[in-house]
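Novice: when you get a sec, could you give me coordinates for this:
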Amino acid sequence: MTCSAQRAIGRCVLSALVSAALAGCGSNNPSPIPDASAGDASWTQDATSVPDSSSDYSIAPDTIASDTTPAPDTATSDAPVAQDMAQDIVVLADGAGDGMVEPDAAKPDASVSEVPATDAASSDGTTSDRTTSDGATMPDAEPAPDLATALSAIQRVVDPQVPAADSTTLDSDNAAFAFDAYKKLIATNTNLIFSPASISIALAMTYAGAAGTTASEMAQALHFSLPPAQLHPAFNALDRALASRGQGQLGADGGPMQLHIVNAVWAERTYTFKTAFLDILAANYGAGINLLDFVSAPDPSRLTINTWVADQTENKIQDLLPEGSIDSSTRLVLTNAVYFNAAWKVPFGPNETRDGQFALLDGSSVSAKFMYGYLDNIPTVQGTNFVAVSLPYADDRLSLVVVLPDAGKFSQVESSLDASSLGTLVAGLTGQMGYVIIPRFRVETGSDLVSLLKALGMTSAFSPGADFSGMDGTHSLYISDVIHKAFIDVAEKGTEAAAATGVVVASASAPPPPLVRVDRPFLYFLRDQPTGAILFMGRVLDPSKN
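Specialist: So this is what the prediction gives:
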């Protein structure tokens with residue numbers, strides 16, 4: 001069974017999954033400060049009734065998106081599963097006709113004219129300038145292409161009924177992948193920031209269309225131990241839990257706290273994809289499909305995706321997809337974006353920040369700006385060769401866990417940490433009174449993840465022999481690139497962090513002391529405490545470098 005997707009104006013903003021964890025210490029000091037030197041639209045076909053597989057159906061007028069605002073999530077856990085839906089969706093190229101879809105267009109064998117689309121960059125057909133991360137305004141090299149959207153009849157399941165055991169398994173599996181990825185990324189990065197959550201989500205959406213050896217290798221590399229029928233709802237349940245974080249709390253900029261995770265799928269408008277694949281993305285990831293002309297306008301399509309990513313991350317992630325990453329062979333791009341902005345539970349006093357020396361691994365030192373904070377209940381733990389502290393955000397379910405190895409023990413501690421030991425560390429945190437002194441730091445990292453994923457055993461997905469038949473019913477698709485960028489800024493008032501991932505699919509001892517001074521290389525984990533989700537993680541070897 002097929003259905004024709006129509007052109008329309010707008011873009012699809014899709015809610016999905018994110019979590020974060022960080023915290024801070026205040027400036028109301030009862031004792032002297034230590035010395036500074038120390039949317040969902042729907043298909044016309046009813047979701048519970050599948051037409052005969054020999055018939056086609058089209059999209060009714062209300063399925064053509066005319067703006068960027070998705071319909072509210074309304075589905076419950078009783079929504080039909082993707083496997084019960086039609087087999088494929090045909091995304092048609094521009095036709096000669098320009099008539100609107102008639103109300104009965106969804107009837108079997110009905111035909112539909114192509115709805116004309118205008119330039120998506122602006123209502124008058126001109127392109128808009130974009131602002132780079134340093135505040136400069138730069139015109140886009142090429143005009144953005146027309147953008148139409150189409151969504152599955154399956155709406156987002158907003159109250160997924162997932163067994164607690166499945167959620168626990170997913171949390172553990174995601175953390176295991178996070179540490180596997182970390183150990184590969186540190187080989188090419190000094191300071192590091194990345195979002196395991198963003199990478200896992202983007203690749204989980206891709207995994208929904210994998211089969212055979214390709215699916216097996218992806219599951220092994222990504223630590224997906226749950227079967228697909230349980231995995232995708234578990235991701236949805238995690239997303240819904242994280243969506244509740246920060247409500248009514250302040251962000252680092254004085255505005256509302258934000259924990260914003262969204263997904264989007266970008267498809268070549270002439271290509272055919274299975275409805276079952278799109279249903280999984282819609283029900284569990286809130287992701288509809290945006291139609292682009294990769295064949296004749298690959299670079300304008302790339303700019304459209306990059307603009308969407310920048311919009312979702314408050315311009316912190318610019319130019320996710322580099323020039324040349326999209327070409328005429330591209331058939332699908334799956335994207336995830338995460339944005340986090342939260343104030344500390346108790347802010348650091350901006351007037352108490354002072355210069356100090358940060359010891360590097362080679363024995364030299366650099367000057368850094370150190371923030372001073374005092375709390376009467378700082379979760380702290382003394383471990384073997386390290387001390388760790390958890391700094392809570394305004395919503396104290398989120399915190400920044402800082403692991404400070406003893407002098408000369410950084411490599412030993414770093415290599416010994418894994419998902420299990422991090423869980424043990426967090427469980428051992430106990431409240432203590434005292435100062436925390438930590439440098440302000442800002443880190444940006446960009447990574448091509450192909451080599452990393454191949455090293456973890458995910459090899460066939462990147463070859464022309466890949467099996468993504470769950471996407472289109474053929475064996476012609478493979479992953480041509482997986483690109484990730486992340487950003488974090490830890491300052492006196494709070495933390496701002498962002499990340500985005502794009503998957504391009506082509507065809508062919510003693511109790512801890514009250515003072516924790518983070519003046520040497522350290523590791524950090526921005527995590528959601530109730531779920532254990534690691535939203536961001538990384539290390540700082542030299543806070544004077546971005």
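Novice: helices and strands of the chain: which one bottoms out on pLDDT?
Specialist: The helix or strand of the chain with the poorest confidence is strand 56-58; it has a mean of 27 (mean pLDDT, DSSP states H and E).
Novice: can you give me the helices for the stretch 101-250 of the chain?
Specialist: Along the stretch 101-250 of the chain, counting by DSSP state H, counting those that start in this stretch, helices occupy 164-185, 196-207, 212-222, 228-243.
Novice: looking at these, which is buried most?
Specialist: Highest mean neighbour count of the helices of the stretch 101-250 of the chain: helix 196-207, a mean of 27 (counted as mean count of other Cβ atoms under 10 Å). Bear in mind the C-beta positions are built from the backbone N, C-alpha and C, glycine included.
Novice: can you map out the strands along the stretch 401-546 of the chain?
Specialist: 430-439, 441-448, 478-490, 494-506, 516-517, 522-528, 534-540 (DSSP state E, counting those that start in this stretch).
Novice: can I get these in JSON lines with mean pLDDT?
Specialist: Shown next, in JSON lines, are those (pLDDT from 0 to 100):
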{"stretch": "strand 430-439", "mean pLDDT": "90"}
{"stretch": "strand 441-448", "mean pLDDT": "94"}
{"stretch": "strand 478-490", "mean pLDDT": "96"}
{"stretch": "strand 494-506", "mean pLDDT": "95"}
{"stretch": "strand 516-517", "mean pLDDT": "78"}
{"stretch": "strand 522-528", "mean pLDDT": "84"}
{"stretch": "strand 534-540", "mean pLDDT": "86"}
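Novice: between those strands, which one is nearest to Asp362?
Specialist: Evaluated over the strands of the stretch 401-546 of the chain, closeness to Asp362 peaks at strand 534-540, with 15.0 Å, by Cβ to Cβ.
Novice: strands paired with the closest one, and their directions?
Specialist: If you go by DSSP bridges, strand 534-540 pairs up with strand 192-194 (antiparallel), strand 522-528 (antiparallel).
Novice: of all these, which lies closest to Phe468?
Specialist: Of all the strands paired with strand 534-540, strand 192-194 comes closest under Cβ to Cβ, at 24.8 Å.
Novice: contacts for that closest one?
Specialist: 181-182, 185-186, 443-445, 447, 484, 486-488, 497, 499, 536-539 (Cβ atoms under 8 Å, 6 or more residues apart in numbering).
Novice: the same query, at a cut-off of 7 Å, please.
Specialist: With Cβ atoms under 7 Å, 6 or more residues apart in numbering as the test, strand 192-194 has contacts from 181, 185-186, 443-445, 447, 484, 486-488, 499, 536-539.
Novice: pull the distance from that strand to the chain's centre.
Specialist: 13 Å (Cα atoms, centre = their mean, to the nearest Å).
Novice: may I see the strands paired with strand 534-540 arranged in a markdown table, with mean neighbour count and distance to Met205 as well?
Specialist: Listed next are the strands paired with strand 534-540 as a markdown table, based on neighbours: other Cβ atoms under 10 Å; distance: least, Cβ to Cβ, whole Å:
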| stretch | mean neighbour count | distance to Met205 |
| --- | --- | --- |
| strand 192-194 | 25 | 18 |
| strand 522-528 | 26 | 20 |
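Novice: for these, give me a markdown table that also has distance to Ser301.
Specialist: Below are the strands paired with strand 534-540 laid out as a markdown table (distance: least, Cβ to Cβ, whole Å):
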| stretch | distance to Ser301 |
| --- | --- |
| strand 192-194 | 26 |
| strand 522-528 | 32 |
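Novice: so which of those comes closest to Val505?
Specialist: Closest of those to Val505 is strand 192-194, at 21.5 Å (criterion: Cβ to Cβ).
Novice: average pLDDT across the closest one?
Specialist: On average, the pLDDT along strand 192-194 is 96.
Novice: point out where the stretch 151-300 of the chain drops to low pLDDT.
Specialist: Along the stretch 151-300 of the chain, the model assigns pLDDT under 70 to residues 151.
Novice: the stretch 1-150 of the chain too?
Specialist: Applying pLDDT under 70 to the stretch 1-150 of the chain flags the ranges 1-147, 150.
Novice: about what we covered before: among the helices of the stretch 101-250 of the chain, which is nearest Ser421?
Specialist: Judged by Cβ to Cβ, the one of the helices of the stretch 101-250 of the chain that comes nearest to Ser421 is helix 164-185, at 9.2 Å.
Novice: which strands or helices does the closest one pack on?
Specialist: With contacts defined as 3 or more Cβ pairs under 7 Å, 6 or more residues apart in numbering; DSSP states H and E, the packing partners of helix 164-185 are strand 192-194, helix 196-207, helix 228-243, helix 419-427, helix 450-455, strand 534-540.
Novice: give me the angle between that helix and strand 522-528.
Specialist: Relative orientation of helix 164-185 and strand 522-528, computed by axes from the mean of the first three to the mean of the last three Cα atoms, to 10 degrees: 150 degrees.
Novice: how close does Asp448 get to Leu526?
Specialist: Distance check for Asp448 against Leu526: by Cβ to Cβ, to the nearest Å, it reads 23 Å.
Novice: let me fix that: Glu314
Specialist: Note on Glu314: its distance to Leu526, by Cβ to Cβ, is 17 Å.
Novice: one more: Lys316?
Specialist: From Lys316 to Leu526 the distance is 14 Å (Cβ to Cβ).
Novice: ok, now which ones touch the residue nearest the centre of the chain?
Specialist: Geometric centre of the chain, nearest residue: Ser198, 2.8 Å, by Cα atoms, centre = their mean. Ser198 makes contact with 336, 338, 484, 499-501, according to Cβ under 7 Å, 6+ apart.
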